[in-house]
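Engineer: Kindly return the folded structure for what I paste below:
(2 chains)
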Amino acid sequence: MEIPYTVTARPDTGLYNAKVGIWLFLASEVMLFGGLFSSYVFLRIGSDFQWPFHELTVLPGFINTMVLIISSVTVVSAWAALKARRYGWYQINMIITLLCALAFMGIKSFEYAGKFSHYSVIMHDGTVLDGHPVHESEGTNGDKIAFSGVQSFSVKLDKSTTKFMRHRRINAGAGQPFAKADGQTVRVRTPSGVEAEFTESWLKDLKKKFREIENTRSDLATLRARVEAPRIRVEDMKRAVTGNFPVPFDAAKADTLLAKHASLKADAAPEIAELEQKIAEFGKSEAYKDATAAVLKLEVVGDPLTFVLNERDFGKYNAGEVIFRDDVVLTGQVQGDKIPLMADLIDLRDVKDPEKSLAWKYYPDLKEEFFKHRDEATAAFLQKKPQHANDYEENADWKRAALRVSVDKLAPPEVAKALMKDPAKAVGIERSDKRFYSNFSPSRSPYYSIYFLMTGLHGLHVIGGALVLGYFLFTGRKMYLSNPEHLANRVEVGGLFWHFVDLVWIFLFPVFYLL
Amino acid sequence: MESTLDTKHADHGHDHGHDAHHDHHKVNFINKYIFSTDHKMIGVQYGITGLLFLALGFLLMLVMRWSIAHPGEPLPASLGWIVGLFGDDFVSRWAPDGKISGSLYNMFGAMHGTIMVFFGVVPLGFAAFVNFVTPLQVGAPDMAFPKLNMWSFWLFFLSGVIMVASFFLPTGAAQAGWTNYSPLAATIHMNSDSHFWTGQTQWLFAMVFNISASLLGAVNVLTTVINLRAKGLTWMRLPFFTWAMFVIAFLLLLAFPPLEVAALMQLSDQVFGSSFFLPTGLNIEGSLLNISGGGHPVLFQHLFWFLAHPEVYVLLLPAIAIVAEVIPCNTRKPLWGYKSMVYGVLTLAFLSFIVWAHHMYLTGMGSVVATFFQFTTVLISVPSVILLTCLMISLWGGSIRFPVPMLFATAFLPMFGIGGLTGLPLAFTFIDLYLHDTYYVIAHFHYIVAPGVIFGLFAGIYHWYPKITGRMMNSFLGHLHFWPSLIAMNVLFAPMFIQGMAGFHRRWFDGGKVFEMTSHKYFYLNEIISWGAWGLAFAQLPFIINFFWSAFAGKKAGSDNPWNATTLEWNTPTPPPHGNFLTEQVVYRGPYEYSVPGADKDFSPQWEPVSAGEKTAAAADLKAGHVIH
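Structural biologist: Just a heads-up that it's a prediction; the model follows:
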């Protein structure tokens, strides 16, 4: 069997199969990126916060645009070379295309890395402080909190795991207050007095026993509920006589139901007795004793434990307890839960009254200079756009120029450098002041969410396209020798896809970097 | 390539003896039945997987119906086994005393919808039938990209495995309805230890795979129809079935990507903590969520319904496509209004892209936008009515024979009619504000997809079964399947209109018991509807027996064209071999030339040239002043 028109074009459509296919596929890609661009517009128009603009450095984006344009030219040359049966020229052009793809991804990962190490504190009044957290200080690690003196903790047998133990730290000696406790297990004592190493397999075993007991209980409860159902219905019927919507009592039906109840009860009695017996035995058995209750409280044998935790790792905490999302509860004390931040930018665009911003609680020395800068920026703005004399406070451009100021504009160079880089100058931001704390990852704001989603998907397309083109380059010789037209067709189809990926970037670049 | 092909030809020469029209390479079990690239085997794979998913979705619904009809009562053993399918741990976790918890009901509700729509009806109605029938109808040896075809099936299969496996996670499967609206969907499993291994996240993963599979499949179908049509098979000679499938493939191709976008965004919300669909100040259980906020829940609805409205037509059109084949074949006269149907289905497809927000009247979109969508929604009923009317008029004046496929096809017409007409009031905001999310909506779309679409699909299975297996399905069992199903479907869905107008909400897990003050009058209908559901379950048993038994012991089809039909799929050997046709196909005429005057039999297949008798009759007719279709 042979599929027609894989290499030659069908006369009436003028196309070979793969070309029809790729155009259709690109139509669906247009809908994919169309959906994303529409979402961008929707999110931007409907944003209830200051939508970031002109925040990305333009140069790397511009270089990437050029890189992709060059690669689009070379991929066409590669196809033309195949059509002219010049295999060497094809190889050279294809290699340049792939190098461009590599360069693009390199620049992209450089841009991503910068964002992941840069953080932002958003406070309750809308104040935003961007900067870098200090990585090791006073028992906290960057944005993390230390929790120590843990002498007991509890686990829930239908949910908890031992994963929280990976946050455990040990005292590693002077100058190095905390180190990871990899590989060191903890001994615990259960309520029934059993001592054991607290390991995944030990906990799993207990959980399995708990499940076994629960399943037996469930069987018993189901059996009882089925036996009781007719009797409960009779109770309901009795109650319905005087309810809001009285239903006359049907005595005959009630008798049938009660008779059914009696017979079900008699039938199920031996099985119920058996299950009750089984559950009673679980309670007495040494091996199953600790697994009878859902919550298991464990005492730490030996020194109290210390944990260093990221807020994302757990659900809630207070001065004496940390509750993880898998319902592990640690009992101990919080130590130093401030965020040690070296701010490099103050953004008060979302603050109602910038004079009273929480920023000045941490950087009182910069306040005066900030408002001086604001007034200068306002004057400059009004000179450029006098028509906004009355409504400049609503203007997004003015807000950006006047209320979002980098620290090096607010202090002499030496001081500013120290504020931004010297851990000793870091301020400790109280957790009660912050509403949200994040690096410049998708969680930072919907702008960064869609930036990462769109550029990430585009990047995956670049990788996918490069893999396909690379396959044509490295395995193409055999096909070139047997059927050069087929290889040219393949490269044409790959090239069409490559152009599409390029085109998407042509839209992405202005949307994210320029607008 | 040429040289490798040559060697294959040489090999072929050697095994010519035992495998005359099979493919050149040797076919072992795995390549033939599992990783097959043959469109017919892939069609059968889709069909069987789709039927299994339909059965699963149906079983979940039975459990839900018990909870509605008998709130607070433990599941009887006759239904308890369905929950038991998921294992003892699942039972003791979600139904510890044998009673259906609200979470379990939500889980089954969300999965019933998801499985039925994306894993049951679309794979069976579109993927299975398009794969088996369309390449045959266009006279092609296979799909344009056979390997891609195999990949899309296995991608789909993987998505199904993920979807079913999510039941076994500690969080259970997704619980936020098949529409999966954020913020509920994004926060329901927020307290889970891992944000990756949750039912909600895995639902999204499964959907991303499912969508990708659909996209690949759609590209394949479109390319096949565009580029692999047989000689003489012009666009207006395409059977309506293939036209409809062509249109569906376009809907999938263009409507699914926005849902993929929505799924990726929600995935990002769950795994990376972003806030695409999460508004500022979102509070759960009294505490502020640790997220940036600033996103839009309504954006999800727009993206979702931009897909999901065209998806409605993806569900519906395969049934219309099948019925449009079965009716002319059994009335022995041409399909009435073939061209109007083709233009109708194209208009329908176009309009289906601009009606999506009629699912969202309750979001407060403003009267201008709402008016636009009311207008387009009412407009789309025009092509739908054209399709249905053409099918009805096709019955007129025919000497109708009633084999089992025709029973289902004729029952489709009024059932779909009820479903469609009861949808009209919902197009208007002032009615929809009242009926939104009630059982009225449930009844409306279930009339379309259950006794409508599923009857259409059953008609297709009975109709093409002899081509697939070489044996007919048993007619007695077919009747035993059809009549009880027809009655049970109506007992099941008709009372829901009454309940809906009485204000019964679609997501009440206790059937409205807590709202007894207002619901008591129509509470008794819950039990009647559930009787319909049990009846429907029993009515499927003859089908299941028939489906397997007939493949081995059914009456032999006797000929390659047992229904005396006219389209190209009946011109292959039975069952069709790899490569399908023995000779290159040439098409001489339109798809539905039944009872042509002057012809020597009452059907004139597309592959037969116009005979001398037909020519004379046509000339005489023309002379008499009659216009010939």
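Engineer: roughly how far out does the helix or strand hosting A:F110 sit from the chain middle?
Structural biologist: A:F110 belongs to helix A:87-116 when elements are defined using DSSP states H and E. Centroid displacement of helix A:87-116 relative to its chain, using Cα atoms, centre = their mean, to the nearest Å, is 27 Å.
Engineer: Tell me the helices and strands packed up against the next helix or strand after it.
Structural biologist: Proceeding C-terminally, helix A:87-116 gives way to strand A:119-123 as the next helix or strand, assigned by DSSP H and E. Other elements packing on strand A:119-123 under the criterion 3 or more Cβ pairs under 8 Å, 6 or more residues apart in numbering or on different chains; DSSP states H and E are strand A:128-133, strand A:339-347, strand A:434-439. Any C-beta I mention is one placed from the backbone N, CA and C, and that applies to glycine too.
Engineer: try it again with 10 Å
Structural biologist: Helices and strands touching strand A:119-123, by 3 or more Cβ pairs under 10 Å, 6 or more residues apart in numbering or on different chains; DSSP states H and E, are strand A:128-133, strand A:339-347, helix A:359-362, strand A:427-429, strand A:434-439.
Engineer: who are the neighbours in contact with the residue in the stretch 151-300 of chain A that chain B sits nearest to?
Structural biologist: Using Cβ to the nearest Cβ, the closest approach of the stretch 151-300 of chain A to chain B is made by A:T222 at 3.0 Å. For A:T222, the contact set (Cβ atoms under 10 Å, 6 or more residues apart in numbering or on different chains) comprises A:275, B:74-75, B:77, B:80, B:91-92, B:95-99.
Engineer: Which of the helices and strands packed on strand A:119-123 sits closest to chain B?
Structural biologist: That would be strand A:434-439 among those, by Cβ to the nearest Cβ, at 5.2 Å.
Engineer: Quick one: work out the angle between the closest one and helix A:87-116.
Structural biologist: 150 degrees (axes from the mean of the first three to the mean of the last three Cα atoms, to 10 degrees).
Engineer: Partner strands of strand A:434-439 and their direction?
Structural biologist: strand A:119-123 (antiparallel) (DSSP bridges).
Engineer: Let me know the average pLDDT across the strand it pairs with.
Structural biologist: Strand A:119-123 carries an average pLDDT of 92.
Engineer: With stretch B:172-190 instead?
Structural biologist: 92.
Engineer: related to what we said a few turns ago, helix, strand, or coil at the residue of the stretch 151-300 of chain A closest to chain B?
Structural biologist: helix (DSSP: H, G, I helix; E, B strand; the rest coil).
Engineer: And B:Y588, by the same measure?
Structural biologist: coil.
Engineer: so who does it touch?
Structural biologist: B:231-233, B:237, B:604-610.
Engineer: cool, A:V328 as well?
Structural biologist: By Cβ under 10 Å, 6+ apart, the neighbours of A:V328 are A:153-156, A:159-165, A:298, A:314-315, A:322, B:193.
Engineer: related to what we said a few turns ago, sec struct for the closest residue to the residue of the stretch 151-300 of chain A closest to chain B other than its chain neighbours, please.
Structural biologist: Excluding its sequence neighbours, the residue lying closest to A:T222 (Cβ to Cβ, 6 or more residues apart in numbering or on different chains) is B:G98, at 3.0 Å. Three-state assignment for B:G98 (three-state DSSP): coil.
Engineer: phi, psi of B:G98?
Structural biologist: phi 80, psi 0 (degrees, to the nearest 10).
Engineer: Now that it has come up, it's in contact with B:W81, right?
Structural biologist: No: with contacts counted by Cβ atoms under 10 Å, B:G98 stays clear of B:W81, the gap being 11.9 Å.
Engineer: Overlap in contacts, the two.
Structural biologist: B:L75.
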